[in-house]
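In: compute the structure for the input listed below.
(one chain, ligands or ions: 3)
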Amino acid sequence: MIHILLLLLTFCTYNINATSKQPVIRNFTIIGNDFMKDGQLYRIIAGSIHYWRSLPQDWQNRLSLIKKLGCNTITTYIWWALHEPEDGMFVFDKPEHDFLLFIQLAHSLDLLVIVGIGPYITGDVDFGGFPYWITKQKQISIRRPNQVYYQLIDRYFDQLIPRLVPLQYHLGGNIINFQIEDDSDLPLISFDDSHLYYGYLRDGLIRRGIQTLINTLAWPDSLSLEKAIIPNTWTALEYTIHHSTPDALATLRKHLPDNNPFMVMEYYPAWMDYEGKPHQTMDSEQFSNGVDKILSYNGSINFYMVFGGTNFQFTNGGDWTLVYHSITTSYDYDTMITECGDAHQTKFKAVRDVIGKYLPLEPMPTPLPSSKGLYGTIQFDSQAELIQNLRPFDVLYNSNTPIQFEYLNQSYGYILYSTQLKNFIDIIEPLLLPWMQDRAVVSLDGIVQGCIGWSEKDPITILN
Ligand SMILES: *[C@@H]1O[C@H](CO)[C@@H](O)[C@H](O)[C@H]1NC(C)=O
Ligand SMILES: *[C@@H]1O[C@H](CO)[C@@H](O)[C@H](O)[C@H]1NC(C)=O
Ligand SMILES: *[C@@H]1O[C@H](CO)[C@@H](O)[C@H](O)[C@H]1NC(C)=O
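Out: Numbers count the residues shown, from 1 in each chain. Ligands and ions are numbered 1, 2, ... in the order given. Alright, predicted model coming up:
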């Protein structure tokens with residue numbers, strides 16, 4: 001049992017209100033087990049929406065639907081790989097990844113923001129959000145106290161954090177909280193490691209001017225909680241419909257000191273979709289009943305997701321527990337706001353009605369579906385062979401063994417590996433590529449022989 005004194009981070013700012021000339025104190029803090037906004041009790045009803053899973057032209061619409069649902073806060077992750085796609089190359093000026101504009105749009109709709117700062121975010125993206133190139137660093141050990149890893153985080157935080165500092169609530173912005181890391185499971189091996197590592201991240205934020213609340217995240221079990229609890233932060237819970245009992249609250253209370261609000265930071269309206277599997281759904285009533293239970297325990301909540309959106313380009317990741325599943329381009333999540341930006345037929349109203357039991361909401365009809373376009377029939381009247389048309393786009397490397405994507409400085413996409421087989425005629429045996437990750441299409445003299453990958457179990461027998 002770890003006893004930790006949670007110190008309150010309380011910072012305020014005094015602005016002069018032009019009309020009344022009264023000083024207005026903006027502060028968002030924790031007193032006892034409650035959030036307090038400007039000295040008033042506050043319950044966070046939040047939903048996750050990732051700026052990179054929708055297009056900038058849709059942000060206003062998606063955010064205003066979240067507001068109409070009854071949320072007062074949004075949660076978004078900052079994805080490291082988007083902002084440092086190559087070693088030391090920082091990209092913050094792409095309109096489609098402009099999280100500052102996204103946060104300011106939320107502000108204009110009177111939505112508060114929780115920022116998941118990572119650097120590990122999970123988020124169902126490749127490598128939990130780490131840029132691909134960090135695997136090439138010698139002697140790096142991720143999510144652990146490790147000097148090589150720490151240096152990379154520091155260089156990234158030096159670029160990232162100053163952009164967010166002015167948007168903190170007490171400075172007139174709408175960011176009320178930062179979450180460091182994500183799940184406190186593997187690969188944080190020992191308690192000592194996780195406490196050191198989480199402490200390093202927390203101090204990295206504070207040192208760069210973050211005075212807002214900071215939280216860690218744990219499952220409602222003692223092992224996960226003890227890994228995640230460090231001083232000067234509070235701990236939120238991950239949670240599923242199956243945990244909708246007072247147990248999670250009891251576990252939290254048993255393992256945490258006072259001054260830690262009960263907040264379910266990840267409450268899942270369904271789940272992500274996998275290639276080749278049916279769309280995942282959850283009954284609206286079952287879900288909204290779970291929401292009701294959390295709110296009835298005086299909890300704060302964050303829906304993961306409130307708007308799922310789309311995994312653009314190659315950004316659909318995979319989910320690997322015991323079996324590998326690749327995730328679809330759609331990240332709809334059967335949540336309250338569908339991938340195309342409509343209110344879910346039943347879940348939007350069901351959840352809104354529950355929120356309305358706890359927060360004052362104006363009566364409102366369920367928003368009408370947006371208009372849809374019809375592309376018509378598309379006829380393909382010509383085709384081209386892929387491999388014969390690679391030049392002049394390709395770059396050639398000669399090597400005795402296949403080179404990994406990382407070492408060709410390629411984060412995603414396709415690589416053509418080709419070789420000349422000699423003395424092949426007599427041997428017919430299955431082709432096995434046991435260490436290959438992802439997926440390979442195997443062809444011989446231009447004729448496709450089959451696929452080998454995470455999901456394809458059978459070896460290919462190449463017939464000459
Ligand atoms: C927060 O602001 C409120 C009013 O806006 C003020 O009464 C209270 O003292 C402030 N709390 C702290 C801890 O600064
Ligand atoms: C919730 O808060 C109310 C008012 O402060 C209190 O009466 C009630 O006991 C609390 N319920 C739980 C489950 O903590
Ligand atoms: C990959 O990038 C590194 C660092 O910029 C460079 O040294 C290396 O030559 C590149 N490798 C290839 C195959 O282009």
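In: residue in this structure nearest to ligand 1?
Out: Using CB to the nearest ligand atom, Gly39 is the residue of the chain that sits closest to ligand 1, at 3.1 Å. Quick note: C-beta positions are derived from backbone N, CA and C, even for glycine.
In: give me the neighbour count for the nearest residue to His279 once chain neighbours are set aside.
Out: Leaving out its chain neighbours, the residue that sits closest to His279 by CB to CB, 6 or more residues apart in numbering is Asp273, at 5.7 Å. The local packing of Asp273 (other CB atoms under 10 Å) involves 23 other residues.
In: and what of Val24?
Out: By the criterion of other CB under 10 Å, Val24 has 13 neighbours.
In: how far does whichever strand or helix holds it sit from the chain's center?
Out: Secondary structure from DSSP states H and E places Val24 in strand 23-26. Relative to its chain's centre, strand 23-26 lies at 33 Å (CA atoms, centre = their mean, to the nearest Å).
In: that strand close to ligand 1?
Out: Yes. When contact is scored as CB under 6 Å from any ligand atom, part of strand 23-26 falls within range of ligand 1: Ile25.
In: what helices and strands are in contact with that strand?
Out: Judged by 3 or more CB pairs under 8 Å, 6 or more residues apart in numbering; DSSP states H and E, strand 23-26 is in contact with strand 13-16.
In: so where's the stretch 51-200 of the chain shaky on pLDDT?
Out: Across the stretch 51-200 of the chain, the ranges flagged by pLDDT under 70 are 186-189.
In: show me the helices in it, by range?
Out: Assigned helices in the stretch 51-200 of the chain, in chain order: 56-69, 80-83, 99-108, 147-164, 191-207 (criterion: DSSP state H, counting those that start in this stretch).
In: contact partners for the residue most central in space within the chain?
Out: Geometric centre of the chain, nearest residue: Gly123, 2.8 Å, by CA atoms, centre = their mean. Each residue near Gly123 by CB atoms under 8 Å, 6 or more residues apart in numbering is listed here: His50, Tyr77, Trp79, Gly116, Gly129, Asp182, Gly317.
In: cool, Ala440 as well?
Out: Applying CB under 8 Å, 6+ apart, one finds that Ala440 lies in contact with Leu433, Cys451, Ile452, Gly453.
In: cool, and Tyr267?
Out: Counted by CB under 8 Å, 6+ apart, Tyr267 has contacts Tyr239, Thr240, Gly290, Val291, Ile294, Ile301, Asn302, Phe303, Tyr304.
In: check Trp320 too.
Out: Each residue near Trp320 by CB under 8 Å, 6+ apart is listed here: Trp454.
In: swap in 10 Å and give it another go.
Out: Taking CB atoms under 10 Å, 6 or more residues apart in numbering as the criterion, Trp320 is in contact with Ser326, Trp454.
In: kindly report the same for His255.
Out: With contacts defined as CB under 10 Å, 6+ apart, His255 is in contact with 1-2, 218, 220-226, 228-229, 235.
In: helix, strand, or coil at Asp334?
Out: Secondary structure for Asp334, judged by DSSP: H, G, I helix; E, B strand; the rest coil, is coil.
In: the closest residue to it other than its chain neighbours: what secondary structure?
Out: In space, and not counting its chain neighbours, Asp334 is closest to Ala270: 3.5 Å by CB to CB, 6+ apart. With three-state DSSP as the basis, the three-state label of Ala270 is coil.
In: which entries within the contacts of Ala440 meet the buried criterion?
Out: Among the contacts of Ala440, those buried by neighbour count (16 or more other CB atoms under 10 Å) are Ile452.
In: of all the contacts of Ala440, which two lie farthest apart?
Out: Of all pairs drawn from those, the greatest distance, 10.7 Å, lies between Leu433 and Cys451 (CB to CB).
In: any residues in contact with both of those two?
Out: With CB under 10 Å, 6+ apart as the test, Leu433 and Cys451 both reach Ala440, Val442, Ile460.
In: what's the last one sitting at in phi/psi?
Out: This points to Ile460. Main-chain dihedrals, Ile460, degrees, to the nearest 10: phi -100, psi 130.
In: I'd assumed Gly47 was in a strand, is it?
Out: Yes. In this structure, Gly47 lies within a strand as judged by three-state DSSP.
In: Gln420 versus Pro257, what's the distance?
Out: As for Pro257, its distance to Gln420 is 67 Å (criterion: CB to CB, to the nearest Å).
In: scratch that, Leu374
Out: Relative to Gln420, Leu374 is positioned 50 Å away (CB to CB).
In: where does the stretch 251-400 of the chain dip in pLDDT?
Out: For the stretch 251-400 of the chain, the stretches flagged by pLDDT under 70 are 393.
In: let's go with 80 and repeat that
Out: Applying pLDDT under 80 to the predicted model, the residue ranges of the stretch 251-400 of the chain that meet it are 257, 321-322, 391-394.
In: picking that back up, could you list which of the shared contacts of Leu433 and Cys451 also contact ligand 1?
Out: Checking those against ligand 1 (CB under 6 Å from any ligand atom), there are no matches.
In: pLDDT check: weakest of those?
Out: Here the lowest pLDDT out of the shared contacts of Leu433 and Cys451 sits on Ile460, with 76.
In: was I right to think that one contacts Ile452?
Out: Yes. With contact defined as CB atoms under 10 Å, Ile460 reaches Ile452; the gap is 6.2 Å.
In: what touches both of those two?
Out: Applying CB under 10 Å, 6+ apart, one finds that Ile460 and Ile452 are jointly contacted by Leu431, Leu432, Leu433, Ala440, Val442.
In: burial measure for Phe314, as a count.
Out: Counted with other CB under 10 Å, the neighbours of Phe314 add up to 12.
In: on the three-state scheme, it is what?
Out: Following three-state DSSP, the label given to Phe314 is coil.
In: my guess is it contacts Gly413, does it?
Out: Yes. Contact between Phe314 and Gly413 holds when scored by CB under 10 Å: they sit 6.5 Å apart.
In: which positions in stretch 262-280 come out as buried?
Out: Within stretch 262-280, the residues that count as buried by 16+ other CB under 10 Å are Phe262, Met263, Val264, Met265, Glu266, Tyr267, Tyr268, Pro269, Ala270, Met272, Asp273, Tyr274.
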